[in-house]
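Asks: Could you look at this predicted model? Sequence included:
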Amino acid sequence: MPEPPRRPATVLAQLGHYVDPASGGLAPPIQPSTTFARDESYALINPAHEYGRDHNPGYRQLEALLCALESGADALVLPSGMAAIAALFRTVPPGAAVAVQDSLYFGTIIWLERFCARRKIGLHRFAGADLDQVAAVVEAASPAIVWIETPSNPMLHVVDIAGVAAIAHRAGAVLAVDGTVATPILTRPLALGADLVMHSATKYLNGHADVLAGVLVTARTDDRWAAIRTDRHDAGALLGAFEAWLLLRGMRTLALRVREACANALAIARFLEDHPKVERVLYPGLASHPRHALAGRQMDGGFGGLMSFQVRGDADAALAVAGRLRLIARATSLGGTESVIEHRFTIEGAATGVPPNLLRLSVGIEDPGDLVADLAQALE
C-alpha cells in the first residue's frame, strides 16, 4: 500500500521520516570522515562513500529533503548562496548572454557584472514586473539563463514566475529563481515552470544565523546539471560535515519559523503603514503593494518575514531610527530567529538605486507586540 503524501511541515519535522540505520536514532549522526575504507580486495566497504569531497551521508540527506520540498529531480548543497549562483552561471560559455531582473540582491548583481565582463558574456536586464519588457529583452538577447528573484531583496518586488518561465522557454533559455525570501514553504518555483531554484540556505532554511550554505534544486538532470555537479566536485565547493548537520537541524523547524515570521511581519507592516513618520512600506502582504494580488496567488500561506520601509526624511533620519532600537538588532543578513534591521544605503551606496532613507527589516519569531513597541519608541 503506497504511503500517503506528506505536507512540507511533516517532511521537515521528521527529516523525511528519517531513522539512522546504524543506531535507530531519529536524529542523524555527524559523519566527519574525509575518507572511507576498502576491504581486502580493495572494494569499498560502502559503495556510496569513497572520499569526503562530496561523499557524505549528511549531504545526501539534505539533498533528498530539498528535493522533496521543491518537487525537484536533484539537489546540490554548496558552501554559500553565492557559491550556488556562481556554480550555475559558470555553465554559460564565453560570448553567450544572460538576462536578469534589474532589482536583485546587491551581492548577486555585483558578482554578475564582474563575472560577465571577464567572460565576455552579455548581461541584459529587465524590469521583472513588466512581462512585455521581459519578453522584449529575452527575445532580443537569446540568453542561456534568465534569472529572477522573488520577492526581491531589499525592494520586495514580486515577479510572475509562470509568466517569465513561458517567455524564457520560448527563447530556448532556462529560468532560474532565487527563492531565498519566500522559502519552499511559501513558493515552489519548479511547480510554476522554473527550471532551477536557488536558496541562500544561510537565511531561512538554516534559520539560526550560524551556518553559511547554498542550495540548487533542478527540475531535471540534464547536461547543464551534470556540469554543475562535476564542477562542485572538481572545485571542492562543499560544506563541512558539521555545517550540513546544522542545516539539517535548522530545517526541522522551517515551517513553524516561516509561519511565525509571516504573521509577525504582517502585523508590523500594518503598524508601519499607518505611522506618520513612515513614508512607505514595501511588503507584499499589504494591499497597497502593487503586486499584492500576484503574491497572493504565488505565495501559499503567508508573504514572508522580510520587509523594507522608508522613514520620512533622509539617510540620517533612517539611521537615527535604527540607532534608537533597543530590541531589534542592527545587523546584516536575514531569516534568523531574531529580528534584525539594516540601513541598505550604507551597504550598497548610490550605485544600485536603493533609497537613502530605506531600512530593511528581517522579522524574527519574537513576540510581535514587543517588536511593534520597539519600532514605535524608535520612530517617536
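Replies: Perfect, I can see it now.
Asks: ok, which stretches of the chain are helices?
Replies: For the chain, the helices defined by DSSP state H occupy 8-13, 57-70, 81-89, 106-119, 131-141, 161-170, 183-186, 223-235, 241-251, 254-273, 292-298, 315-324, 344-348, 368-379.
Asks: what's the angle between the fourth one and helix 81-89?
Replies: Right, the one you point to is helix 106-119. Comparing the axes of helix 106-119 and helix 81-89 via axes from the mean of the first three to the mean of the last three C-alpha atoms, to 10 degrees yields an angle of 40 degrees.
Asks: Would you mind listing the outside residues contacting helix 106-119?
Replies: Residues outside helix 106-119 that contact it (C-beta atoms under 8 Å, 6 or more residues apart in numbering): 82, 85-86, 89, 92, 94, 98, 100, 121-123, 147, 149, 178, 344, 347-348, 352, 354. The way it works is simple: take the backbone N, C-alpha and C, and place the C-beta from them, glycine included.
Asks: Tell me which of the helices of the chain is the most buried.
Replies: helix 183-186 (a mean of 26; mean count of other C-beta atoms under 10 Å).
Asks: Check the average confidence over that helix, would you?
Replies: Mean pLDDT, computed over helix 183-186, is 98.
Asks: next one: stretch 207-215
Replies: Mean predicted lDDT for stretch 207-215 stands at 97.
Asks: Identify the residues contacting the nearest residue to E366 once chain neighbours are set aside.
Replies: The shortest distance from E366 to any non-neighbouring residue, by C-beta to C-beta, 6 or more residues apart in numbering, is to S339 (6.1 Å). Taking C-beta under 8 Å, 6+ apart, we find S339 in contact with 264, 327-329, 361-364, 366, 371.
Asks: Repeat the analysis, applying 7 Å as the threshold.
Replies: 328, 361-364, 366, 371 (C-beta atoms under 7 Å, 6 or more residues apart in numbering).
Asks: per the record, what domains does the chain have?
Replies: Split into domains by automatic domain parsing, the chain comes to 8-251, 255-379.
Asks: Span of stretch 47-65 from start to end?
Replies: 22 Å (C-alpha to C-alpha, to the nearest Å).
Asks: Same check on stretch 291-310?
Replies: This stretch, stretch 291-310, spans 18 Å end to end (C-alpha to C-alpha).
Asks: okay, now Q101: neighbour count?
Replies: 24 (other C-beta atoms under 10 Å).
Asks: on that earlier part again, buried members of the contacts of S339 into PyMOL, please.
Replies: Buried members of the contacts of S339 can be picked out in PyMOL with the line below, counting by 16 or more other C-beta atoms under 10 Å:
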select buried, resi 328+361+362+363+364+366+371
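Asks: Which one of the contacts of S339 is nearest to S23?
Replies: Relative to S23, the closest of the contacts of S339 is G364; by C-beta to C-beta it sits at 34.2 Å.
Asks: which ones are touching that closest one?
Replies: The neighbours of G364, taking C-beta under 7 Å, 6+ apart as the test, are 261, 336-339.
Asks: pLDDT at it, what is it?
Replies: pLDDT for G364: 98.
Asks: any idea how far D178 is from it?
Replies: Distance, G364 to D178, using C-beta to C-beta, to the nearest Å: 21 Å.
Asks: what's the answer for E40, then?
Replies: Applying C-beta to C-beta, the value for E40 to D178 is 49 Å.
Asks: Settle it for me: which of the two has more neighbours?
Replies: Counted by other C-beta under 10 Å, E40 and D178 do not tie: D178 has more neighbours, with 25 against 5.
Asks: Correct me if wrong: that one contacts M198.
Replies: Yes: counting by C-beta atoms under 7 Å, D178 does reach M198; the two are 5.2 Å apart.
Asks: Count the neighbours of the closest residue to E260 other than its chain neighbours for me.
Replies: In space, and not counting its chain neighbours, E260 is closest to I365: 4.3 Å by C-beta to C-beta, 6+ apart. Using other C-beta under 10 Å, I365 has 20 neighbouring residues.
Asks: what's the pLDDT at the residue sitting nearest the centre point of the chain?
Replies: In the chain, the centroid-proximal residue (C-alpha atoms, centre = their mean) is T180; its distance is 1.6 Å. Here the pLDDT value assigned to T180 is 98.
Asks: Equivalent analysis for the one 10 residues further on, please.
Replies: At L190 the predicted local distance difference test score is 98.
Asks: do R229 as well
Replies: On pLDDT, R229 comes in at 96.
Asks: just P5 next, same as before
Replies: 63.
Asks: now swap in V174 and tell me
Replies: Note for V174: predicted pLDDT of 98.
Asks: same thing with the one 3 residues further on?
Replies: pLDDT recorded at V177 is 98.
Asks: So it sits against G193, correct?
Replies: No: in this structure V177 lies outside contact range of G193 using C-beta under 7 Å: 9.7 Å.
Asks: list residues touching both of the two?
Replies: Contact with both V177 and G193 is made by residues I161, according to C-beta under 7 Å, 6+ apart.
Asks: So for those two, which residue has more residues nearby?
Replies: The neighbour count for V177 versus G193, taken as other C-beta under 10 Å, is higher for V177 (29 against 17).
Asks: Quick check: closest non-adjacent residue to that one.
Replies: P189 (4.0 Å).
Asks: Same question for L196.
Replies: A176 (4.3 Å).
Asks: count of residues packed around that neighbour?
Replies: With other C-beta under 10 Å as criterion, A176 counts 26.
Asks: Could you report the distance from V217 to R257?
Replies: Distance of V217 to R257, computed by C-beta to C-beta: 20 Å.
Asks: And A22, by the same measure?
Replies: Going from A22 to R257 by C-beta to C-beta gives 30 Å.
Asks: still on that earlier bit, of the contacts of G364, just say which sits nearest to R249.
Replies: Proximity of the contacts of G364 to R249 (C-beta to C-beta) peaks at T337, which lies at 13.0 Å.
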